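Asker: With the input below, show me the fold.
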Amino acid sequence: MDHLDDTVSRPRRSLMLGAAAALGWPRAFAQSWPARPVKVLLGFPAGGSIDSITREIAQGLSNRLGQSFIVENRPGAASTIAMAATAAAAPDGYTLCSVSSHLAATPKLYPNLSYDVNTSFTPIALEVVVPTLLVAPASLKVNTVQELVALAKANPGKLSYASTGNGGVVHLSSERFKAAAGIDIVHVPYRNDMESQMGILRGDVAMQFAVPSTAVVHVRAGTMKALAWSSLQRGSMLPDVPTIAESGYPGFSAVAWYGLIGPARLPKPIADRLAAEIRQIISAPDMLTKLRAQGLEPATDSTPERFASFIKSEAEKWAAVIVANNIKGD
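Answerer: As a prediction, the model looks like this:
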């Protein structure tokens, strides 16, 4: 009987030891991580705002963690190429992905993706929020959101708005605003932000949700009017300009953002450590000054859990806009 008990208990002990090892492995692994260079995929070309911010944060992580964080640009298909590669990577902390608000919109824009936004990734940290500025031509006889809405309602289908392409945050923000204000205004997609803002300057279109880093220059020069910020808080570049929420549409928020994710099942200690390091990097006084000078608002209190909740709410918000307007990705 003693012999039988010993025979039965041996596999049980092995299972218990195996479970303990499995529970302890992620923390022990995280303590030695990173032991080699870390790759940070980016689904956008070099030279843009997200590329610049990604490289700044990657350099900060390299300095703080003693290993190289190497940014690898893999542009194309609204950043889904880089996200698909991240979803397929081993969850060992050596492949990460810098993402934008495209992450939340792509499930409805591209229904045949090889990954699931809700299950294929580990959210790590929201890095910056990019509020946009609702602008109008200097020649348009409106100075507030209320006046713009009144003009649009008096001329249904006759005004137009600029975007930087189908399915982008500028397009989705505009459709969200149209629904909130109950106006009929025509979409005119341009190829990029520079061309769309030229449309505003020429008076070809009546409004755009514009990137503040470039629009503010025209606003200060008097060649473009700033009507409102798209975020819940006023942007630091033009603090006297109200938000859309303050202009009669409580709770209205439509922003772009950048953040960091990893593959699903990334060990929590690694995700937590990365999030803590990123908070320190973007909270440094010189970094805060640099980000705000570009119209970016640092997310200095982000955690993996908060970022996961934020992505979920953003995906639900944009899905409703995309479905309601039958929007297709370019």
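Asker: tell me the SS of residue 225?
Answerer: Secondary structure state of residue 225, per DSSP: H, G, I helix; E, B strand; the rest coil, is strand.
Asker: Report the distance from the strand of greatest length in the chain to the chain centre.
Answerer: In the chain, ranked by residue count with DSSP state E as the criterion, the top strand is strand 121-131. Between the centre of strand 121-131 and the centre of its chain there are 6 Å (Cα atoms, centre = their mean, to the nearest Å).
Asker: Let me know the average pLDDT across the very next helix or strand once past it.
Answerer: Later in the chain than strand 121-131, the nearest helix or strand by DSSP states H and E is strand 133-137. For strand 133-137, mean pLDDT is 98.
Asker: Quickly run through the sheet partners of strand 133-137, with directions.
Answerer: Strands that pair with strand 133-137, judged by DSSP bridges, come out as strand 207-210 (antiparallel), strand 224-229 (antiparallel).
Asker: would CSV of those strands with mean neighbour count, mean pLDDT and distance to residue 179 be doable?
Answerer: All C-beta spots, glycine's among them, are computed from the backbone N, C-alpha and C. Below are the strands paired with strand 133-137 laid out as CSV (neighbours: other Cβ atoms under 10 Å; pLDDT from 0 to 100; distance: least, Cβ to Cβ, whole Å):
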stretch, mean neighbour count, mean pLDDT, distance to residue 179
strand 207-210, 28, 97, 14
strand 224-229, 24, 98, 16
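Asker: Specify the stretch among those that is closest to residue 39.
Answerer: Minimum separation from residue 39 across the strands paired with strand 133-137 (Cβ to Cβ) falls at strand 207-210, 33.0 Å.
Asker: about what we covered before: out of the strands paired with strand 133-137, which gets nearest to residue 45?
Answerer: For the strands paired with strand 133-137, the distance to residue 45 is smallest for strand 207-210, at 20.5 Å, taking Cβ to Cβ.
Asker: So, low pLDDT: which residues of the chain?
Answerer: 1-30 (pLDDT under 70).
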